[in-house]
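# with the sequence up front, the predicted model follows.
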Amino acid sequence: MSNLKRISGTISNEMKDGDFILSFEQFLENVEKNPWLYIRSSAQYLKDCFDYFGSYEVRTPSGKMQRWKMFDFKSDDSCKIHGQEFVQNAIYSHISAFAKRGRCDKIIMLHGPNATAKSSIIAAIQAGLSKY
């Protein structure tokens, strides 16, 4: 038990010394210094996630398109999305427009026949957000 107390005391001291626990006033000072770190709309956060992982150019039957790396991740409940670059770019375009306007005043609805990667696209976005 003494080892556990020693470890918890060390962690507690590190948190206090490392400014992990802030007063509300300290937090507001941090927000004032760097608002983009603390205050983003959900659309801006999602756009930042897409931008963080980046994209690359691929050849498709309709020509060159941008493919977002976020859709290449493989997690437990999603798999790499093959194709669907047009959909990826449409989602990014709508999210960018929401972020630019500063509000999400519409919804993005994926529709289509069975087995066209709608659920997999959402799972890939969720996996990307978790990694981000």
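Yep, that arrived.

# would you agree residue 42 is in contact with residue 104?
Yes: between residue 42 and residue 104 there is a contact at 6.4 Å, judged by CB atoms under 8 Å. The C-beta positions use only the backbone N, C-alpha and C, and glycine is treated the same way.

# give me the more crowded residue out of those two.
Using other CB atoms under 10 Å as the criterion, residue 42 and residue 104 rank with residue 104 on top: 17 against 11.

# helix, strand or coil for the more buried one?
Taking DSSP: H, G, I helix; E, B strand; the rest coil as the rule, one finds residue 104 in the coil state.

# which residues of this structure fall in strands?
Chain-ordered strands for the chain, with DSSP state E as the definition, fall at 55-60, 63-68.

# for residue 118, the count of nearby residues, please.
Here the count is done by other CB under 10 Å, and residue 118 has 16 residues near it.

# from the strands of the chain, which stretch is densest packed?
Across the strands of the chain, averaging neighbours per residue (mean count of other CB atoms under 10 Å) puts strand 63-68 on top, at a mean of 14.

# what strands line up against that one, and which way round?
strand 55-60 (antiparallel) (DSSP bridges).

# gap between residue 106 and residue 97?
Here the criterion is CB to CB, to the nearest Å. By it, residue 106 lies 9 Å from residue 97.

# which residues touch residue 84?
The neighbourhood of residue 84, defined by CB atoms under 8 Å, 6 or more residues apart in numbering, consists of 71, 117, 121.

# swap that for residue 58, sorry
Taking CB under 8 Å, 6+ apart, we find residue 58 in contact with 64, 65, 66, 67, 85.

# with residue 132 instead?
By CB under 8 Å, 6+ apart, the contact list for residue 132 reads 48, 49, 52, 53.

# buried only: go through those residues for me.
residue 49 (16 or more other CB atoms under 10 Å).

# now, among the contacts of residue 132, which is nearest to residue 27?
Distance to residue 27, by CB to CB, is smallest for residue 48 among the contacts of residue 132, at 20.6 Å.

# so the closest one makes contact with residue 40?
Yes: judged on CB under 8 Å, residue 48 makes contact with residue 40 at a distance of 6.9 Å.

# shaky segments in this protein?
1-20, 74-79 (pLDDT under 70).
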